[in-house]
Structure formats: C-alpha cells, structure tokens
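# turn this into a structure:
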Amino acid sequence: MTERTERTPIEEQVSTFENWIGKLTETGVVEEIKPQLVREVFEDLGANFEISEEARESLGRFGNLLRRPGMDAVWGKERVREYRIWLRHYLNDYETKTGKPLPVLEGTSTKTSGGLKFFTDLTAFAAGLMSFEKYQEITERRAAKGRIWQARKGNEPIIPSKYSSFPPEFPQVAWEKIKSWK
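Numbers count the residues shown, from 1 in each chain. Okay, the predicted model is just below:
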C-alpha cells in the first residue's frame, strides 16, 4: 500500500472520489482527478498495485481481454470474475427495465464491453498506465454514446460501433459494486 496523498485521510479521499463519480454519472463529463487518489481509494478496497512487470504491461494494453492478467493481479481473479458476472446481470436487468437492447461492438454480440472498460480503464488510470487526458477522452466518448443510445426512440436501429458505451447511470452503479468489496 502506498503512502496517502499529502496525508489526506481515506474518508476524505473516498468522499472526493464519490463526488467525482457522481458528476460523471450526472453529466457524462470527466473532471480532473489525480490517479494517486483513485489508486489509494482502490487500495482501501483491496486493490494491490504492487504487481509484476508482466501484469503492468497487460494492464497498460487497450483491450479487456489483453488487460485480464493485469486486472487479476490488481483485484484478484475472484473479484474480476464477480464483477463480470454482476455486469452481465446488471445489463440484462437494464435492458428489461428500459425495453431497449444495448448496443454491441462491431462484429460481435458483446454488450458488456463498455461496463468492463469503465472498470479496467479506471484501474489502468489509477496504476499510472493511462494519462488523465486519454482516460477523459475515452470515458467521455463512452458516456456520450450511452446517452445517445438512451435518448433514441425504441424502434430506431442500433448501429454497432468500434467503441463501447455504458448507460448514463452506470458509473455510480459500478462504483457501488466496487465499493461493496470493502
């Protein structure tokens, strides 16, 4: 575990992070946050960023599948598995609640990618393997696509795309799942 940022108590760090997640959920905008703060909040939940070079290299990649060894190293295989199972159930429930099928990635039937990328991108950012600017760009793009999806009429076609999205409420819901591990 790393030394706390400027000796800020973890409760204050969690509060700052929760406010940040709330704004992302409400607006789809990623305000600046320090990766060290996210890292320390995640460490308080059991994440371990003291991982092998091979695991760091994995976590620094773009695709969820390529990141799996790094995610397993940081969070543990069981938690990553639990998150993936939870995500499938959440998205099925979300489709039922909204009556709209979620968009898929080009050439696949995958609907979980955006929700998984939210978790893996945030973990890579916390590990210092992604700049804030890159994290902001891809997360805001995913959030914007989720808002467009939600605003469409039920009979409008869904066009698969190269980049995944997540529903507007997702950041807060995912955070609730992640913090349940404490």
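# quickly find the element holding residue 153.
In this structure, residue 153 sits in neither a helix nor a strand according to DSSP states H and E.
# for it, what are its contacts?
Counting by Cβ atoms under 8 Å, 6 or more residues apart in numbering, residue 153 makes contact with nothing. Yep, even glycine has a C-beta here, placed from its N, CA and C like the rest.
# all the helices of the chain, residue numbers only.
Ranges of helices within the chain are 10-27, 35-44, 53-59, 64-75, 77-98, 113-126, 132-151, 170-179, based on DSSP state H.
# pull out the buried positions in the last one.
Of the residues in helix 170-179, those buried under the neighbour-count criterion (16 or more other Cβ atoms under 10 Å) are 170-171, 173-175, 178-179.
# among those, which pair sits farthest apart?
Spatial extent of these (Cβ to Cβ) is set by the pair 170 and 179 at 14.6 Å.
# neighbours of residue 169, just the number please.
13 (other Cβ atoms under 10 Å).
# skipping adjacent residues, who's closest to it in space?
Using Cβ to Cβ, 6 or more residues apart in numbering and skipping residues adjacent in sequence, the residue nearest residue 169 is residue 25, 6.2 Å away.
# that neighbour - how many residues pack around it?
Residue 25 - counted by other Cβ under 10 Å - has 18 other residues nearby.
# residues touching it, list them.
Contact analysis of residue 25 by Cβ under 8 Å, 6+ apart lists 168-172.
# roughly how far apart are it and residue 178?
Distance, residue 25 to residue 178, by Cβ to Cβ, to the nearest Å: 14 Å.
# for residue 14, same thing?
11 Å.
# which neighbours do the two share?
Common neighbours of residue 14 and residue 178 (Cβ under 8 Å, 6+ apart) do not exist.
# most distant residue from the middle of this protein?
Most distant from the centre of the chain: residue 155, at 28.6 Å, with distances by Cα atoms, centre = their mean.
# pLDDT score assigned to that residue?
Looking at residue 155, its pLDDT is 72.
# ok, residue 3 next?
Note on residue 3: pLDDT of 50.
# and the one 3 residues further on, by the same measure?
The score at residue 6 is 54. That number is its pLDDT.
# returning to what we had before: reformat the buried residues of helix 170-179 as a markdown table; add distance to residue 65.
A markdown table is the format used below for the buried residues of helix 170-179 (distance: Cβ to Cβ, whole Å):
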| residue | distance to residue 65 |
| --- | --- |
| 170 | 20 |
| 171 | 22 |
| 173 | 23 |
| 174 | 19 |
| 175 | 24 |
| 178 | 20 |
| 179 | 26 |
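# nearest to residue 71, of those residues?
Among the buried residues of helix 170-179, and counting by Cβ to Cβ, the member closest to residue 71 is residue 178, at 12.1 Å.
# OK, contacts around the closest one?
So residue 178 contacts 42, 45, 83, 119 (Cβ under 8 Å, 6+ apart).
# swap in residue 132?
32-33, 35, 125.
# no more questions from me, cheers.
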